[in-house]
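J.: This is the structure alone, sequence omitted:
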DNA sequence: GCAACTTGCTCAAGTTGCTTGCCTATCAGG
DNA sequence: CCTGATAGGCAAGCAACTTGAGCAAGTTGC
């Protein structure tokens, strides 16, 4: 295997390991904070809805799934009290999915859990390098798939 | 949201985006090279088998799934000619799963695809920073889950 | 050297998150 | 108004995983 290929494979493995570890840590933290009926996938929907709500179609595009799948996910969130469907102000076909207070509380819990998970990393690399790493990553794959897959 | 939390969330999103983009690019590259009957998950099994083979139990641990699931995956790889089961030299209960020549060819294709996908990134950041990024990532989550999840 | 437990693997059945296919309601353009 | 496109929901099916049970081979303790 050429050196270039070895670097690429190592990068891939490390990316997946870090992404997986962070996702798992956030998920665990959210669970510990009392939200034990959600999967990581829901968090990505929350993030998309946080700013003024989103339609099912928008959520589907954001998550990289079909509209039907996104609709089922919203059904679940609605049944569990994290989100609710409201009529869309501009389009009678569409329905705006917005977070409930419980949904916003869960979002805050996720942010705290994320901070807790990342804190030891800042200790490992130093905060400067961690910020640089975050920025570099952002340049590599802007708009990459935010796909759960667990 | 506190600044610390914002950094943590941004890091998470960027990690997932980069990991997802790279995984998708490798998968596409492997597909283009003629291996169109595999999913990304299989690649992780290949990587574990590459060095002398692995048992089903080892694969299960590596992939983070049950032994039954790993066994099904091996069934599939065997049916498609990428791997084969051989008696384990030291333990008559166990069976050693090893790559066939076709499996090794696919592994090489994946390495080439990974190098192709990463090359533009080296152009973006410079090779030094890319190596530093890879090394930093490796320190963050050593032994993190190498889980497919697509 | 035999009984009791553990480990490696497989078969079978059930769950689930997603898909494809089809349908209605609404919008936008001529 | 029609015509086509878009938002969403209903239903059925699928595919990757799970839990549960069982057999063969290894390991431990007396």
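T.: Arrived safely. The shown structure was predicted, so the numbers you read here are calculated from the model rather than taken from an experiment. Numbers count the residues shown, from 1 in each chain, chains lettered A, B, ... in the order given.
J.: ok, and does the helix or strand that residue A:72 is a member of reach over to DNA strand C?
T.: Residue A:72 belongs to helix A:67-79 when assigned by DSSP states H and E. Yes: using CB under 7 Å from any atom of the strand, helix A:67-79 reaches DNA strand C at A:68-69, A:72-73. Just so you know, the C-beta spots here come from the backbone N, C-alpha and C atoms, and that holds for glycine as well.
J.: ok, now stretch A:16-30?
T.: No: Stretch A:16-30 lies out of reach of DNA strand C by CB under 7 Å from any atom of the strand, never closer than 13.3 Å.
J.: before we move on, the earlier item: buried subset of the residues of helix A:67-79 next to DNA strand C?
T.: Among the residues of helix A:67-79 next to DNA strand C, those buried by neighbour count (16 or more other CB atoms under 10 Å in any protein chain shown) are residue A:73.
J.: Now pLDDT too, for the residues of helix A:67-79 next to DNA strand C, in TSV please.
T.: Formatted as TSV, those follow (pLDDT from 0 to 100):
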residue	pLDDT
A:68	98
A:69	97
A:72	97
A:73	97
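J.: if we take the residues of helix A:67-79 next to DNA strand C, which one ends up nearest to residue A:48?
T.: Closest approach to residue A:48 among these (CB to CB): residue A:73, at 11.2 Å.
J.: in stretch A:67-86, what counts as buried?
T.: Those would be A:70-71, A:73-74, A:76-77, A:80, A:82-85, for stretch A:67-86 by 16+ other CB under 10 Å.
J.: Could you list which of the residues of helix A:67-79 next to DNA strand C also contact chain B?
T.: Of the residues in these, proximity to chain B by CB under 8 Å from any CB of the partner chain holds for none.
J.: Make a markdown table from the residues of helix A:67-79 next to DNA strand C and add distance to residue A:131 to it.
T.: What follows is the residues of helix A:67-79 next to DNA strand C, written out as a markdown table (distance: CB to CB, whole Å):
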| residue | distance to residue A:131 |
| --- | --- |
| A:68 | 40 |
| A:69 | 35 |
| A:72 | 38 |
| A:73 | 33 |
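J.: what's the closest of the residues of helix A:67-79 next to DNA strand C to DNA strand D?
T.: Top of the list for closeness to DNA strand D, among the residues of helix A:67-79 next to DNA strand C and by CB to the nearest atom of the strand, is residue A:68 at 4.0 Å.
J.: And residue A:36, how close does it get to DNA strand D?
T.: 16 Å (CB to the nearest atom of the strand, to the nearest Å).
J.: and what of residue A:19?
T.: In this view, residue A:19 and DNA strand D are 17 Å apart by CB to the nearest atom of the strand.
J.: Would you double-check that that residue falls in a helix?
T.: Yes: checked against DSSP: H, G, I helix; E, B strand; the rest coil, residue A:19 lies within a helix.
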